[in-house]
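Chemist: Got a predicted structure here, sequence first:
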Amino acid sequence: MSRIFNFSAGPSTLPESVLLKAQEEFLNWHGTGMSVMEMSHRGKEFMSIAEELKSDLIELLNIPANYKVLFLQGGATGQFAGIPQNILKGKDKACYVNTGAWSSKALKEAQNHCKVVVSADSKASGYTEIPDYNDWNVDENAAYLHYTANETIHGVEFQDIPDFGDLPLVCDMSSNILSRTVDVSKFGIIYAGSQKNMGPAGVTVVIVRDDLVGHADSKIASVLDYAQQAKNDSMLNTPATYNWYLVGLVLKWVKEAGGITAMEQHNIAKSGLLYQAIEKSSLYSNPVKEAFRSRMNVPFVLANAELDADFLNLAGKNGLSSLKGHRSVGGMRASIYNAMPKEGVAALIEFMAEFERTHG
Ligand SMILES: *Cc1c(COP(=O)(O)O)cnc(C)c1O
């Protein structure tokens, strides 16, 4: 059976070589006679997998020594609640920037724990832009400033890092981590679920600066407490061992492919071709302002929404799957994370042109 090109927003396509490696090692990892999923998380075999996972992530993202790197459960959604409970440090408010569906959810969850200052909001534009940093209403007495680096549903991505002095920046990088170079030292916290760009679902990466660890609300669930998790190497409870292993294989794949700078070049090229094709067509359009278009998630609508069903149906027949846009925005969305080969994007562009020729 041949594999399709899967444009799903998450869980999403994985590098074929990673799947094959996992298959090869499935029953018997490195001559141990065990599958990774059968190993004790305390055993030396799994310990070596865990150590490599962490050191590879540190190397790839160039994470400075004054950061803890945690692999937790509960997804980015768990962190929406975990962040305020960990780092309010006795303050009563936090700043949130609302640029789409995911930042809205983060903001809403934070309201259970503190006052939320909405520093900027692009809802009125239909989440098609990022408000100018000069217009952000940032409260210096807030505990931190939260934003979402890439809005997976709306296809809006920050192209640089906002700078508000000493206020800790907290960033949800769930859908663009490992896709572009990033200066970790600019952040208080970077967090991301694994199922977009790092592997299967089930691992939540939290990179947190030391000064933000150890100040959690006394009623916090232990599994969300950065200090307790750091002290226990993210094994306060049983970790998602097999998923750690798979994320580890993806990190090795990124390293072998040339690291993050190579990923970034591929992503610029792939997304550039797709946006160009949309731009020159009269059937397809993308509502996001050019400066903020995501390299990871490319939403587009057809001039005539009555063609949507035909488009999806024919795309599926051509081996192009999961192109339906999120129900909240409609239309189409092509998620083209690191693991989507350029052949997949080329096949999509060719299909779109052919569909326009026959239906446009
Ligand atoms: C997918 C996604 C989330 C939610 O991740 P879960 O693992 O389902 O909690 C949060 N933020 C962004 C930007 C996402 O893309």
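Modeler: Nice, thanks for sending it over.
Chemist: Let me know the pLDDT of the residue of the chain found nearest the ligand.
Modeler: Nearest residue of the chain to the ligand: G75, at 2.5 Å (CB to the nearest ligand atom). The way it works is simple: take the backbone N, C-alpha and C, and place the C-beta from them, glycine included. Listed pLDDT for G75 reads 98.
Chemist: If you tally nearby residues, what's the number for it?
Modeler: Applying other CB atoms under 10 Å, we find 18 residues neighbouring G75.
Chemist: Next up, the contacts around it.
Modeler: By CB atoms under 8 Å, 6 or more residues apart in numbering, G75 lies in contact with 193, 201, 204.
Chemist: part of a strand, is V97?
Modeler: Yes: secondary structure of V97 (DSSP: H, G, I helix; E, B strand; the rest coil): part of a strand.
Chemist: quick one: the host helix or strand of E51 to chain centroid distance?
Modeler: Using DSSP states H and E, E51 maps to helix 44-61. Distance of helix 44-61 from its chain centroid, counting by CA atoms, centre = their mean, to the nearest Å, is 20 Å.
Chemist: Would you mark the buried spots in that helix?
Modeler: 46, 49-50, 53-54, 56-58, 60-61 (16 or more other CB atoms under 10 Å).
Chemist: what is the mean pLDDT for it?
Modeler: According to the model, helix 44-61 has a mean pLDDT of 98.
Chemist: Can you name the residues in contact with the next helix or strand along the chain from that helix?
Modeler: Once the chain leaves helix 44-61, the next helix or strand it forms, by DSSP H and E, is strand 67-72. By CB under 8 Å, 6+ apart, the residues outside strand 67-72 that reach it are 50, 53-54, 57-58, 63, 78-79, 82, 184, 203-210, 213, 223-224, 226, 229-230, 234, 239, 244, 247.
Chemist: Provide the backbone phi and psi angles at the residue of the chain closest to the ligand.
Modeler: Dihedral angles phi and psi of G75 (degrees, to the nearest 10) take the values phi 70, psi 180.
Chemist: cool, and K91?
Modeler: Dihedral angles (degrees, to the nearest 10) for K91: phi -80, psi 160.
Chemist: ok, it - contacts?
Modeler: Contacts of K91 by CB under 8 Å, 6+ apart are 114, 141-143.
Chemist: again, 10 Å this time
Modeler: Contacts for K91 were tallied using CB atoms under 10 Å, 6 or more residues apart in numbering; they are 84, 114-115, 139, 141-144.
Chemist: what's the answer for S103, then?
Modeler: S103 neighbours (CB under 10 Å, 6+ apart): 80, 96-97, 118, 120-122, 127, 146-149, 151, 154, 156, 172.
Chemist: Next step: these restricted to strands.
Modeler: In strands, judged by DSSP state E, the following of these are found: 96-97, 118, 120-121, 146-148, 151, 156, 172.
Chemist: So which of those residues is the closest to S12?
Modeler: E151 (15.7 Å; CB to CB).
Chemist: And that closest one, what's its pLDDT?
Modeler: For E151, the predicted pLDDT is 98.
Chemist: burial of it, as a residue count?
Modeler: Other residues within reach of E151, judged by other CB under 10 Å, total 30.
Chemist: Touching, D308 and G331? I think so.
Modeler: Yes: judged on CB atoms under 10 Å, D308 makes contact with G331 at a distance of 7.0 Å.
Chemist: Can you tell me the closest non-neighbouring residue to T261?
Modeler: Of all residues not flanking T261 in the chain, T181 sits nearest, at 6.0 Å (CB to CB, 6 or more residues apart in numbering).
Chemist: so how far is V36 from that neighbour?
Modeler: For T181, the distance to V36 equals 30 Å [CB to CB, to the nearest Å].
Chemist: so where do the strands sit in this protein?
Modeler: 5-6, 67-72, 93-98, 115-121, 145-148, 150-151, 156-157, 169-172, 189-193, 204-209, 284-285, 297-302, 320-321, 332-335.
Chemist: Mean neighbour count, the ones you listed: which tops it?
Modeler: strand 150-151 (a mean of 29; mean count of other CB atoms under 10 Å).
Chemist: In the longest helix along the chain, which residues are buried?
Modeler: Taking DSSP state H as the criterion, the chain has its longest helix at helix 259-280. Residues of helix 259-280 classed as buried: 259-260, 263-264, 266-267, 270-271, 273-275, 277-278 (neighbour count, 16+ other CB under 10 Å).
Chemist: interface residues of this structure facing the ligand?
Modeler: 10, 75-77, 102, 148, 152, 172, 174-175, 193, 196 (CB under 6 Å from any ligand atom).
Chemist: Closest one to P162 out of the residues you listed, please.
Modeler: The closest of the residues of the chain next to the ligand, once distances to P162 are taken by CB to CB, is T148, at 11.9 Å.
Chemist: Okay, and the beta partners of the closest one?
Modeler: D172 (DSSP bridges).
Chemist: list the contacts for it?
Modeler: Contacts of T148 by CB under 10 Å, 6+ apart are 76, 96-107, 154, 156-158, 171-176.
Chemist: quick one: I260 and N338 touch, right?
Modeler: Yes: counting by CB under 10 Å, N338 is a contact partner of I260 at 9.3 Å.
Chemist: coming back round to it: which ones among the contacts of K91 lie within helices?
Modeler: Going by DSSP H, the helices hold P84 from these.
Chemist: Just the buried residues of the contacts of K91.
Modeler: For the contacts of K91, buried by 16+ other CB under 10 Å: 84, 114, 139, 142-144.
Chemist: Which pair in these has the greatest spatial separation?
Modeler: P84 and D139 (14.7 Å).
Chemist: Point out where this structure drops to low pLDDT.
Modeler: Counting by pLDDT under 70, the chain contains low-confidence residues at 1.
Chemist: okay, now the domains of it?
Modeler: 17-256, 258-359 (automatic domain parsing).
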